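Q: predicted structure and sequence below. I'll ask about it afterward.
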Amino acid sequence: MRVQAPVQLRWGDLDAYNHVNNVELMRVLEEARVRVFWRSDDEGGAIDQGMALIEAEPGSETLTLVARHEVEYLAPIAYQREPLDIQLWIGRLGGASLDVSYEVYTHDGATPAARAASTIVLVDAATGAPRRIRAEERQAWERYLEPPVAFSGRR
């Protein structure tokens with residue numbers, strides 16, 4: 001099962017070629033990931049409460065650290081007033097890490113403009129050491145488990 005996270009583009013996300021800069025696409029993916037995975041009581045917080053098991057408050061016991069990103073750009077993303085449709089799912093659940101898979105769709109919605117994957121490591125804030133995925137987290141996240149994103153440009 002995928003979660004859809006709409007993310008609004010900013011005018012400043014464009015580069016000299018009039019499309020979304022590659023660095024800004026990473027910000028868009030981060031925005032989607034935070035809105036999906038972090039639990040928050042704030043308005044505009046988590047999109048899907050089933051995935052949002054990590055506390056987004058300062059001083060929380062778990063840190064979520066990015067260990068790796070991979071992105072495949074399939075088409076330029078021009079500025080649009082409508083939010084981008086970021087589809088997220090879990091491509092792998094490990095012992096203390098998980099891979100988040102993404103597909104980015106523009107307003108035409110026909111084919112993805114980008115595919116990406118991020119490896120997230122859960123870290124105990126007190127010790128700085130990776131911590132195991134808890135049984136309740138694994139159980140909640142397993143329903144979002146699908147095959148990992150399939151990159152076409154592998155060498």
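A: Cool, got the structure.
Q: from here on, contacts and neighbour counts on C-alpha atoms
A: Noted.
Q: what does the residue most central in space within the chain show for phi and psi?
A: Most central in the chain under Cα atoms, centre = their mean is R33, positioned 3.1 Å from the mean C-alpha point. Dihedral angles of R33 (phi, psi; degrees, to the nearest 10) stand at phi -60, psi -40.
Q: need the pLDDT of F37.
A: For F37, the pLDDT comes out at 78.
Q: secondary structure class for G95?
A: Secondary structure, DSSP: H, G, I helix; E, B strand; the rest coil: G95 is coil.
Q: distance check, the residue nearest to it when sequence neighbours are not counted against E146.
A: Closest residue to G95 apart from its sequence neighbours, by Cα to Cα, 6 or more residues apart in numbering: R132 at 5.4 Å. Here the criterion is Cα to Cα, to the nearest Å. By it, R132 lies 21 Å from E146.
Q: show me where the chain has strands.
A: For the chain, applying DSSP state E gives strands covering 3-7, 38-39, 54-55, 62-73, 84-93, 97-105, 114-124.
Q: redo the ones you listed as TSV? Include mean neighbour count.
A: What follows is those, written out as TSV (neighbours: other Cα atoms under 10 Å):
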stretch	mean neighbour count
strand 3-7	20
strand 38-39	21
strand 54-55	18
strand 62-73	16
strand 84-93	22
strand 97-105	23
strand 114-124	21
